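Peer 1: structure of the sequence below:
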Amino acid sequence: MRLIEPNERYSEQIADFRQEFLDAESSMDGQGPLRRMPDPAQWLQFCRENRTEETCDPRLVPATQFLYVRESDNRIVGMIQVRHRFNAFLERYAGHIGYSVRPSERRKGYAKSMLQAVLPYCASLGLSRILVSCLKGNIASAKTILANGGVYESTVFCPEHDAYLERYWIELPPAESENKT
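Peer 2: Residues are numbered from 1 along each chain as shown. Coordinates of the predicted model:
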């Protein structure tokens, strides 16, 4: 398994990934606006622009999007988004990370390993801890967060989504130095 930033080589798979979520009527967390972007090229452009403070939509925060790809068949099994900082909504509800595993690949441990794989990247951004939220009652997601060191903080009501969200913090080890002595 590996995390890679989305690129044109995966355009067809991105379209298939999106369609699988739509067909399953499943939530598309950690995918940015993919739900409303049937053209993968449009979504890829959004991901590139959203990566830096200078090009990010001013209503959003810079974020890095990753595909979680199974190496044996080069198939996208999940997506995870790391938000570099908070705005008011993220700080109160959504947190630093959103992720999802395609419906046909669930219950195989991919969410747990995907979240674990992205934690060093979070530390490289200078984050010392990250907030990850999930819907109250989403036992699988809560277990994923807990398995990665998540500590429950609180449950909040999000009026925008008419849902209760459980908030968990994960402490990060310091990023590894480039110049080891």
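Peer 1: tell me which helix or strand residue 56 sits in.
Peer 2: Following DSSP states H and E, one finds residue 56 outside all helices and strands.
Peer 1: the closest residue to it other than its chain neighbours and residue 107: what is the separation?
Peer 2: The spatial neighbour of residue 56 that comes closest, neighbours along the chain excluded (CB to CB, 6 or more residues apart in numbering), is residue 62 at 4.8 Å. C-beta here means a position set from N, CA and C on the backbone, and glycine is covered the same way. Remark: distance between residue 62 and residue 107 (CB to CB, to the nearest Å) = 32 Å.
Peer 1: just checking, the residue nearest to residue 56 touches residue 48?
Peer 2: No - assessed by CB atoms under 8 Å, residue 62 is found out of contact with residue 48, at 11.5 Å.
Peer 1: if we can go back for a sec, neighbour-wise, which of residue 62 and residue 107 wins?
Peer 2: For residue 62 versus residue 107, neighbours defined as other CB atoms under 10 Å are more numerous around residue 62 (18 against 8).
Peer 1: give the next helix or strand downstream of the least confident helix or strand in the chain by mean pLDDT.
Peer 2: Ranked by mean pLDDT, DSSP states H and E, the weakest helix or strand in the chain is helix 88-89, scoring a mean of 90. Following helix 88-89 in sequence order, the next helix or strand is strand 97-101 (DSSP H and E).
Peer 1: hang on, the earlier thing: give me the residues contacting the least confident helix or strand of the chain.
Peer 2: Contact partners of helix 88-89, identified using CB atoms under 8 Å, 6 or more residues apart in numbering, comprise residue 160.
Peer 1: give me that answer again for 10 Å
Peer 2: With contacts defined as CB atoms under 10 Å, 6 or more residues apart in numbering, helix 88-89 is touched by 59, 60, 61, 158, 160.
Peer 1: now the fourth one. Nearest residue, chain neighbours left out?
Peer 2: Put plainly, it is residue 158. Closest residue in space to residue 158, ignoring its immediate chain neighbours: residue 93 at 4.7 Å, by CB to CB, 6+ apart.
Peer 1: how about stretch 61-76: buried residues?
Peer 2: 61, 62, 63, 64, 65, 66, 67, 68, 69, 75, 76 (16 or more other CB atoms under 10 Å).
Peer 1: which of the residues you listed fall in strands?
Peer 2: Among these, the ones falling in strands (DSSP state E) are 63, 64, 65, 66, 67, 68, 69, 75, 76.
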